[in-house]
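# just need the structure, nothing else, for what follows:
(2 chains)
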Amino acid sequence: MAEAGPGIAAGSTGRTLAQKIIARASGRSRVLPGEVVTCRADLVLLLDSGGPRRIWPRLRELGVGLHDAGRIVLVSDHFVPAVDAGSAAILRLTRDFAREFGIHRFFDMQGIGHVLLLERGLVQPGMFICGGDSHTSNAGAGAAYAMGLGAIEMTGVAVTGEIWVPVPETIRVDCSGRFARGVVAKDIMLQLCRELGMDNAFRAIEYGGTAVAAMPLAERAVLCNMAAELGAETGLVEADATTLAALQAAGQQPADDALAWRSDADARYLEVHALDVAALAPQVAAPHSPANSAPVTQFAGTAIDQAYIGSCMGAKLGDLRSVAEVLRGRQVAAGVRLLVAPASQQIWAAAAADGTLAALTAAGATLLPSGCGACAALGAGVLGEDEVCISSTNRNFRGRMGASSAQIYLGSPYTVAASAVAGRIADPRELLA
Amino acid sequence: MSPVAPLAGRAWLFGDDIDTDVMAPGLYFKAPLEEMARHCLEAVDPAFAAGVRPGDIIVAGRRFGLGSAREQAAMVLVQLGVGAVLAQSFGRIFYRNALNFGLPALFFPAAGEILAGQRLEVEPVAGLVRNLDTGREYRVNGIPAHLMDMVAAGGLVPFLRQRLSRPPAEQA
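Residues are numbered from 1 along each chain as shown, chains lettered A, B, ... in the order given. So this is what the prediction gives:
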């Protein structure tokens, strides 16, 4: 075992969480990185974007139905609410699909699918999940192995219940320390995109350490969500008391073995990447890549047209509260629009009840419906030619939010809010001091 | 022509980090595939969609197809007649999508040695890339063994059709 890395015992028999879940889902006692195995999906996430509209014609072509409608969670989130006849037709087709195949877990305009899975407690530790969207890894926050796939492959999963899986190596990201005020999980991820790069196919990213242990599930989801930007197979966090408490808060009973879904103490990692979050500054990624990141001070002063709080990444309740914290007693700068699309209906309700939404609108923010919206250039808030936007979303590729000449900067909700007030990219620590 | 048969075409060069948003822009999501294909990669090479000919080969740097899971990124390349994609590395979902549509995607570390417009021959099964203009040959990893039947069938849907139409007793 000459290839054993630093700090890893040669011949170690310990298994990572990713290996344990894949072994269970493939019916094997153990699996090793590099093997290719076939797993059964415990939960199949279909979205209006790449779900029924793309899968149904193929089911017809094949003359088959669904393998198990009971495993499917169907969510309309990309094209909601309809903005034209085309999106209305897609949403109608999605409803028809749910009815035709008897899909009971259908969330129509209830929020963004990745957020709903955790919010509704649908993710049990140890689950193997397939989803027709790259950010399916978000569910890894619940100690699941969640794999993002294209619609064509989701057709196969829907029909057979199975998928081929390359058993990944695992990179462990150990986060220690306490965040400075105005610094959050998003800043970790923008820094990691730069440090780990975006070329991590056939690897899983496992996040842990004291800083992750202290995070609520929604912040852990930020880490797992942006494993997609690292190019990884998935991201995941080991089960602990927070995982169980989140399930219970959602009205779901954790499975008996829930706390067992952790890596072994002697698990064999490809690499352990240590990060002290106390030393972390707010990060901003410049166009046109999440890896093009640096401390916010590098970009401070860049004038913006739009500030966007939205998507599965950056519009959860904690994010909206962070924005309100910055905005209270302040106004969005003249000539700048701050658009806020809360990630789910439950988040809307909670943010309305606790005064967060009022704080946002008092400062001049415009509230938009829950959904993928401008993040995917599908809903309200799309960018025009040469416009500059700072966004709490997860990717800033050319044309991602509209015109291909638009410039998208990524930042945390704190940084987006501070920039909206300043009218240019700004360090939130100055406003929170 | 079988997707695993040898093929030849002209090289179209792309650099690192060609994401699926520039292959299949969100603004054209509701448009027919033919229209989306006309805008494929226009943000990085406005001449590509109009100039690419059936059988032409994309030669790219690292992380080709990173980002969104949108299968249209692979579909528009097939629609435009692209014969194969050779890249130093791939976005993981794009890689799977390409093979699922019967579009050979091969890891090609020597992508930097190819010039735009050179004629290439590719043998996806044997794992061979031949530069017909320079005579150089490159050994690469072919299509993974566990996916060969699927790619040879023309992609996942034809493969599923074969599998589902077989009597259960034959399904190993």
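
# per-residue confidence at residue A:11?
Per-residue pLDDT puts residue A:11 at 53.

# in the longest strand seen in chain B, what counts as buried?
For chain B, the strand that runs over the most residues, judged by DSSP state E, is strand B:7-13. Buried residues in strand B:7-13, defined by neighbour count with 16 or more other Cβ atoms under 10 Å in any protein chain shown: B:7, B:9, B:10, B:11, B:12, B:13. (Glycine included, C-beta is placed from N, CA and C.)

# my read is that the last one contacts residue B:115, right?
Which is residue B:13. Yes - counting by Cβ atoms under 8 Å, residue B:13 does reach residue B:115; the two are 7.4 Å apart.

# now do the same contact list for the residue of the stretch 251-400 of chain A at minimum distance from chain B.
Closest to chain B within the stretch 251-400 of chain A is residue A:377: 3.4 Å, counting by Cβ to the nearest Cβ. Taking Cβ atoms under 8 Å, 6 or more residues apart in numbering or on different chains, we find residue A:377 in contact with A:383, A:399, A:400, A:401, A:402, B:25, B:26, B:27, B:29.

# among these, which lie within helices?
With DSSP state H as the criterion, helices contain none of the contacts of residue A:377.

# top of those by neighbour count?
residue A:401 (30 neighbours; other Cβ atoms under 10 Å in any protein chain shown).

# what comes into contact with the longest strand of chain B?
Contacts of strand B:7-13 (Cβ under 8 Å, 6+ apart): B:1, B:45, B:48, B:52-60, B:83-84, B:104, B:114-122, B:124, B:132.

# nearest spatial neighbour of the residue in chain B positioned nearest to chain A, skipping sequence neighbours?
Relative to chain A, the nearest point of chain B is residue B:26 (3.4 Å; Cβ to the nearest Cβ). The spatial neighbour of residue B:26 that comes closest, neighbours along the chain excluded (Cβ to Cβ, 6 or more residues apart in numbering or on different chains), is residue A:377 at 3.4 Å.

# still on that earlier bit, wait, isn't the residue of chain B closest to chain A in contact with residue A:397?
No - at 9.9 Å, residue B:26 does not count as touching residue A:397 under the criterion of Cβ under 8 Å.

# so, low pLDDT: which residues of chain B?
Low-confidence segments of chain B (pLDDT under 70): B:1, B:166-172.

# what about 50?
Applying pLDDT under 50 to chain B picks out residues B:170-172.

# how near is the closest residue to residue A:336 other than its chain neighbours to residue A:390?
Closest residue to residue A:336 apart from its sequence neighbours, by Cβ to Cβ, 6+ apart: residue A:423 at 4.9 Å. Counting by Cβ to Cβ, to the nearest Å, the separation of residue A:423 from residue A:390 is 11 Å.

# who's in contact with residue B:82?
Contacts of residue B:82 (Cβ under 8 Å, 6+ apart): B:52, B:56, B:57, B:58, B:103.

# flag every residue of the stretch 101-250 of chain A that's near chain B.
A:132-134, A:136, A:148-153, A:155-156, A:159-160, A:164, A:198-199, A:201-202, A:228, A:231-233 (Cβ under 8 Å from any Cβ of the partner chain).

# pull out the buried members of those.
Applying 16+ other Cβ under 10 Å to those flags A:132-134, A:136, A:148-153, A:155-156, A:159-160, A:164, A:198-199, A:201, A:228, A:231-233 as buried.
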